[in-house]
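J.: Build the 3D model from these lines:
(one chain, ligands or ions: 1)
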Amino acid sequence: MTQSSPQTKTAGAAQAPRPNVDLKSAVAEASALFAAANPQSQAKHLEAAGSMPGGNTRTVLFFGPFPLYFTRGEGTRLHDLDGHTYVDFLGEYTAGIYGHSHPVIAEAVTAALAQGIAMGGHTRHEVALAAALRARFPSVDLMRFCNSGTEANLMALSAARLHTGREGVLAFAGSYHGSLFGFPFKPPAKSINIPFPSVIAPYNDLAATRKLIDENAGRLAAVIVEPMMGGGGCIAATRDFLAGLRAACDKHKIVLIFDEVMTSRLSPGGLQKVHGITPDLTSFGKYIGGGLPTGAFGGRVEIMGMFDPRRPDAVAHAGTFNNNVLTMAAGVAGLTKVYTADEAVRLNKAGDALRERLSAMCKKRGVKVVVTGIGSMMTVHPGITGPVNSPADVAAVPQGLRDLFHYDMLARGIHVARRGMINLSVPMVQDDFDRLAAAFDEFLSVRAGLLT
Ligand SMILES: Cc1ncc(COP(=O)(O)O)c(C=O)c1O
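T.: Numbering: from 1, shown residues only. Purely as a prediction, here's the structure:
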């Protein structure tokens, strides 16, 4: 449990939950405790709903009965409107790798701000950030910046379509490539996806995917894959699967795109380095701008060269804030002074150790909970036993158990995603990991009756 003090109230645990009630009652009870502990967030949510649909401007942040409103973040801690303090294990869905207000990032942003932003021209910062990224990702001959991971993927896919003269894209069931290009395992009735003709294949199933690629080769511009599904549940692709995709794309001259928007942080050179597989294009986003809005895409010179404005046949790619000074300056400081290659190794080792620790707790208590992931990214899947190789393997997790895990962790002062995702940040120390482990073990113990 987080220590209570006048400044830092324990988050939401007004009353201890009763163990071993049925799932529906347990969720209702946890939800009621959450609501009772967070009146100020509830009021702000109702106010927000007056001007934004459901009070929301970013779907992933919504959860019932209402989401939390934060006032401040510092280091690994988040503070909410009702005076609770959380250890931030969500880490802004991987973009928050530097924690809150990291001094090196803050200094870079402050210095850049003092020298002027929005200059309508180039600055040294974008040159430095592009060079730093190229140095870490040798598959990137040339790259361009944009404003989000969504844009990065749409640009990479569009570049592949122009390069090949084909229109189709092969993606995987359960993958997420941004607000305008995602394929939930259980597709919703309505979607705002860009209408690229798409073939959907089963993740980590090379034989089935190869067959789909062979059958559709004449109309496929690109195969796009997350080397580990992030939002889909931290489900890692096998090396054989990725190598098979590389070979199939080579065979048919299809552009292989690695969406490393999340996974580029999992080694000094992303998962492409871990597996030794070179994609034609890579998309980036999240932390590469030091925690400020950004995206980037890059890869083979034969493809990226089409954007060279010195060429008479150049393809235009605009974006007022593509090279915005604050993001570029923060990104350079982050990659060269904080999340260095050595730091990437250290943080991911710490993540592996934490994941193994949580998994060992599940085993010791004999409960059905799986913790998937690589390095500093992981997801807790309550109610199932492994192995987890595809979104189909986690489809049986009852939403109620995911909700309960989320409520129980919040009540113990640990901020995680409702979907069970956990991401480490650079400033975390052993005490943070111990707090998470203690809260997790309490969840396993109190909810054992629902997890066996
Ligand atoms: C793998 C992946 N690709 C793309 C995106 C989209 O990035 P953004 O939210 O910056 O548009 C995300 C966001 O979560 C992601 O996880």
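
J.: Could you verify my assumption that residue 325 touches residue 121?
T.: No: counting by Cβ atoms under 8 Å, residue 121 is not a contact partner of residue 325; they are 10.2 Å apart. Heads up, the C-betas are built off the backbone N, CA and C, glycines and all.

J.: Of the two, which one has the most company?
T.: Higher neighbour count among residue 325 and residue 121: residue 325, with 20 against 6, using other Cβ atoms under 10 Å.

J.: and the more buried one, how far is that from the ligand?
T.: When distance is defined by Cβ to the nearest ligand atom, to the nearest Å, residue 325 is 19 Å away from the ligand.

J.: That residue - nearest residue in space that isn't next to it in sequence?
T.: residue 117 (4.5 Å; Cβ to Cβ, 6 or more residues apart in numbering).

J.: Same question for residue 136.
T.: Of all residues beyond its chain neighbours, the one nearest residue 136 is residue 269 (5.2 Å), with distances taken as Cβ to Cβ, 6+ apart.

J.: right, and that neighbour touches residue 135 too?
T.: No: if you go by Cβ under 8 Å, residue 269 and residue 135 don't touch, sitting 9.3 Å apart.

J.: more crowded one of these two?
T.: Between residue 269 and residue 135, counting by other Cβ under 10 Å, residue 269 is the more crowded of the two (19 against 14).

J.: per-residue pLDDT, that one?
T.: pLDDT, residue 269: 98.

J.: picking up where we left off before, report the secondary structure element holding the residue nearest to residue 325.
T.: Assigning secondary structure by DSSP states H and E places residue 117 outside every helix and strand.

J.: what's it in contact with, if anything?
T.: Residues in contact with residue 117 (Cβ atoms under 8 Å, 6 or more residues apart in numbering) are 324, 325, 326.

J.: how does it look with 10 Å?
T.: Neighbour list for residue 117: 109, 123, 321, 324, 325, 326, 327, 329 [criterion: Cβ atoms under 10 Å, 6 or more residues apart in numbering].

J.: List buried residues within these.
T.: 109, 123, 324, 325, 326, 327, 329 (16 or more other Cβ atoms under 10 Å).

J.: Helix, strand, or coil at the fifth one?
T.: Classification of residue 326 into helix, strand or coil gives helix, according to DSSP: H, G, I helix; E, B strand; the rest coil.

J.: Tally up the residues packed near residue 43, please.
T.: If you count neighbours by other Cβ under 10 Å, residue 43 ends up with 14.

J.: pLDDT value on it, please?
T.: Looking at residue 43, its pLDDT is 98.

J.: List the contacts of it.
T.: 66, 69, 81, 82.

J.: Which ones among those map onto strands?
T.: In strands, defined here by DSSP state E, there are no members of the contacts of residue 43.

J.: Please identify which two of the buried ones among the contacts of residue 117 are farthest apart in space.
T.: 109 and 123 (13.8 Å; Cβ to Cβ).

J.: Residue ranges in the stretch 1-150 of the chain under the pLDDT threshold?
T.: 1-20 (pLDDT under 70).

J.: Please repeat the previous calculation with a cut-off of 50.
T.: Counting by pLDDT under 50, the stretch 1-150 of the chain has low-confidence residues at 1-8, 12-14.

J.: near the ligand, which residues of it show up?
T.: Contact residues (Cβ under 6 Å from any ligand atom) of the stretch 1-150 of the chain with the ligand: 93, 148, 149, 150.

J.: so the last one touches residue 293, yeah?
T.: No: counting by Cβ atoms under 10 Å, residue 150 does not reach residue 293; the two are 11.1 Å apart.

J.: between those two, who's got more neighbours?
T.: Comparing residue 150 with residue 293 by other Cβ under 10 Å, the one with more neighbours is residue 150, at 21 against 14.

J.: quick one: the residue lying farthest from the centre of the chain from the ligand, how far?
T.: No residue in the chain sits farther from the centre than residue 312, which is 38.3 Å out by Cα atoms, centre = their mean. Per Cβ to the nearest ligand atom, residue 312 is found 32 Å from the ligand.

J.: State the pLDDT value of that residue.
T.: 98.

J.: Three-state assignment for the residue of the stretch 201-350 of the chain found nearest the ligand, please.
T.: Proximity to the ligand, evaluated over the stretch 201-350 of the chain using Cβ to the nearest ligand atom, is greatest for residue 261 at 3.6 Å. Here residue 261 is recorded as coil under three-state DSSP.

J.: For ChimeraX, what selects the buried ones among the residues of the stretch 1-150 of the chain next to the ligand?
T.: What follows is the ChimeraX syntax selecting those of these that are buried according to 16+ other Cβ under 10 Å:
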select :93,148,149,150
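
J.: Which of the residues of the stretch 1-150 of the chain next to the ligand fall in helices?
T.: Assigned to helices by DSSP state H, the following of these qualify: 149, 150.

J.: what's the closest of the residues of the stretch 1-150 of the chain next to the ligand to the ligand?
T.: residue 149 (2.3 Å).

J.: Residue 242 contacts residue 256, correct?
T.: Yes: assessed by Cβ under 10 Å, residue 242 is found in contact with residue 256 at 8.9 Å.

J.: Quick check: neighbours shared by these two?
T.: Common neighbours of residue 242 and residue 256, counting by Cβ under 10 Å, 6+ apart, are 225, 277, 279.

J.: which residue packs closest to the last one, ignoring adjacent ones?
T.: So the one you mean is residue 279. Per Cβ to Cβ, 6+ apart, closest to residue 279 is residue 258, 3.9 Å.

J.: Who are the contact partners of that neighbour?
T.: 137, 139, 156, 223-227, 237, 242, 245-246, 264, 270-272, 275, 277-284, 299.

J.: Quick check on it: phi, psi?
T.: phi -90, psi 120 (degrees, to the nearest 10).

J.: Any idea what it is bridged to?
T.: Taking DSSP bridges as the rule, residue 258 bridges to residue 225, residue 282.

J.: Just list what the one helix or strand residue 35 maps to packs against, helices and strands only.
T.: Residue 35 is located in helix 23-37, with elements delineated by DSSP H and E. Applying 3 or more Cβ pairs under 10 Å, 6 or more residues apart in numbering; DSSP states H and E, one finds that helix 23-37 contacts helix 39-48, helix 399-411.

J.: Okay, now the sheet partners of the helix or strand that the longest one is followed by, with direction.
T.: Downstream of helix 399-411, the next assigned helix or strand under DSSP H and E is strand 414-415. Using DSSP bridges, the strands paired with strand 414-415 are strand 85-88 (parallel).
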